[in-house]
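Peer 1: heads up, no residue letters with this:
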C-alpha cells in the first residue's frame, strides 16, 4: 500500500513538473510569450503615421504600398553610422542599377527637433537620388518606430549637445507592404544586394 | 597601403601631394596610414575621421587624446551595435596599442569624433590632426577630406 502511494505521489509530481514546464514554455517562448525585443516589423498596411518628405509632401505608410520598400532610421547630426548607412545604400542602389528604380528608399529621422524638412532635403541630396528623407512630429516618429519595432533614445553628450541611439538595420518590405527581411548594420554587400533582390522579386510575383 | 617613414622631406612632399603622413614629432614607432574624413554640412554637426594607427615598436603605446585646430572637442569615440541592432556611440577612453599591433578607426567602430567644428569640412581640403600619447609624444597627420558619401580612404 505504502509503495503504491509513493508511486502515486511520484506520478503526480512528474505530472506537476511537466505542467509547470509547459506553462513556463507557453509564457516565455510559446504562443503566450511577450513579444521579443528586436521583433520583426508589422506590415506597412498595419501601420498608421503621418510624416512629411524632404520635398514637403504629406506621406504615410500608404505612400509605400505598391512598390517594394527599403526603410531605415537615422539622423543628420550622426557623424558615423548614418553617413555610412546612406553610403552603403547608395552603393547597393548603384549595384542594382535599373532594378532599383521601382523601389521606395526612405530615410526616417529619429531626431525631428533638428531634422526639419529643409535639413532632410539638404542631407539626402548628397546621396543616391532615390533616397527620400522623412520627418515629422515626435509623436508620429514614435508611431513609426512602434510599427517597425525599432528603438531610439536621446543621449546627452559632453559637448552639451545630444546624440541619438537608434536601430541601425535596414528594413525591406514587399510591394504588398509585407515585411520581407532586414539588413543588419555591417552586413556585407554580398548579402545585402541579394536580400534587396528578394524584396523586389516578391513585387513581381505579387503583381502577376 | 604604403608605410611612410618619418622623414621631413617625405612628409613635406607627400603633404603637398595631399596624402596623409605621420609628421615629425612624436613616438617614432607610431605609423598612421589611410587617414580620411567626410565633408561636413556646415559647422553644427560633428565630423568624423578614420585611419589605421600601428605601433611598430617594442613597447605598448597609449593614445590618450586628440588635438586639431579644426574642432574644439576632438575625441576618440566608439560606435557599438547591440544584438537588437541598436547603435550607440560613446567616448573610447585611453587606447593601448600593443607592440606590433594596429588599431583601425573605421566606420561603425572607433572614430575620431570632431565636435564643435571651427570651420566647415570641405571636400578636397585637408586638416592636421594630432594624436596625443601618455608619454607626452605627439604624432600629427594631415587628414584628407573626402565627399560626404565616401566609404573609405580610396573614395
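Peer 2: Looks like it came in fine. From a predicted model like this one, the values you see are computed outputs, not experimental measurements.

Peer 1: Can you give me the separation between the residue lying closest to residue A:60 once chain neighbours are set aside and residue A:177?
Peer 2: Counting by C-beta to C-beta, 6 or more residues apart in numbering or on different chains, residue A:60 lies nearest to residue A:50, which is 5.4 Å off, once chain neighbours are set aside. No exception for glycine: its C-beta is placed from N, CA and C like everyone else's. Using C-beta to C-beta, to the nearest Å, we find residue A:50 at a distance of 17 Å from residue A:177.

Peer 1: which of those two has more neighbours?
Peer 2: Neighbours were tallied for residue A:50 and for residue A:177 using other C-beta atoms under 10 Å in any protein chain shown; the higher tally belongs to residue A:177 (19 against 14).

Peer 1: Find me the pLDDT at that one, would you?
Peer 2: As summarised for this prediction, residue A:177 has a pLDDT of 96.

Peer 1: Could I get the contacting residues of it?
Peer 2: For residue A:177, the set of contacting residues under the criterion of C-beta atoms under 8 Å, 6 or more residues apart in numbering or on different chains consists of A:43, A:44, A:45, A:46, A:61, A:64, A:65.

Peer 1: Retrieve the pLDDT associated with the closest residue to the fourth one other than its chain neighbours.
Peer 2: Counting by C-beta to C-beta, 6+ apart, residue A:147 is the residue found nearest to residue A:46 once chain neighbours are left out, at 7.1 Å. For residue A:147, the model assigns a pLDDT of 96.

Peer 1: Please apply the same query to residue B:11.
Peer 2: The predicted structure scores residue B:11 at 45 on the pLDDT scale.

Peer 1: May I ask you to confirm that residue A:199 belongs to a helix?
Peer 2: Yes: when the secondary structure is assigned by DSSP: H, G, I helix; E, B strand; the rest coil, residue A:199 falls within a helix.

Peer 1: Quick one: residues contacting it.
Peer 2: A:68, A:69, A:70, A:103, A:172, A:173, A:174, A:180, A:181.

Peer 1: could you redo the last one with a cut-off of 7 Å?
Peer 2: Contacts were defined as C-beta atoms under 7 Å, 6 or more residues apart in numbering or on different chains; by that measure residue A:199 touches A:68, A:172, A:173, A:174, A:180.

Peer 1: quick one: average confidence on the helix or strand that contains residue A:14?
Peer 2: For residue A:14, the enclosing helix or strand under DSSP states H and E is helix A:2-28. Model confidence over helix A:2-28, given as mean pLDDT, is 67.

Peer 1: And for stretch B:98-113?
Peer 2: Confidence over stretch B:98-113, taken as the mean pLDDT, stands at 95.

Peer 1: What residues of that stretch count as buried?
Peer 2: B:103, B:105, B:106, B:107, B:108, B:109, B:110, B:111, B:112, B:113 (16 or more other C-beta atoms under 10 Å in any protein chain shown).

Peer 1: What does the residue nearest to residue A:60 show for phi and psi?
Peer 2: phi -120, psi 120 (degrees, to the nearest 10).

Peer 1: what are the ranges of the strands in chain B?
Peer 2: With DSSP state E as the criterion, chain B has strands at B:30-38, B:47-55, B:61-67, B:71-81, B:86-91, B:95-97, B:102-105, B:110-117, B:126-133, B:138-146.

Peer 1: okay, these in a markdown table with distance to chain A next?
Peer 2: As requested, the strands of chain B are exported to a markdown table (distance: least, C-beta to the nearest C-beta, whole Å):
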| stretch | distance to chain A |
| --- | --- |
| strand B:30-38 | 6 |
| strand B:47-55 | 4 |
| strand B:61-67 | 13 |
| strand B:71-81 | 5 |
| strand B:86-91 | 4 |
| strand B:95-97 | 16 |
| strand B:102-105 | 10 |
| strand B:110-117 | 4 |
| strand B:126-133 | 14 |
| strand B:138-146 | 11 |
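
Peer 1: what number of residues lie near residue 52?
Peer 2: Since you didn't name a chain, this refers to chain A. Counted with other C-beta under 10 Å, residue A:52 comes out at 19.

Peer 1: wrong chain, I was asking about chain B
Peer 2: 16.

Peer 1: Fine by me, thanks again.
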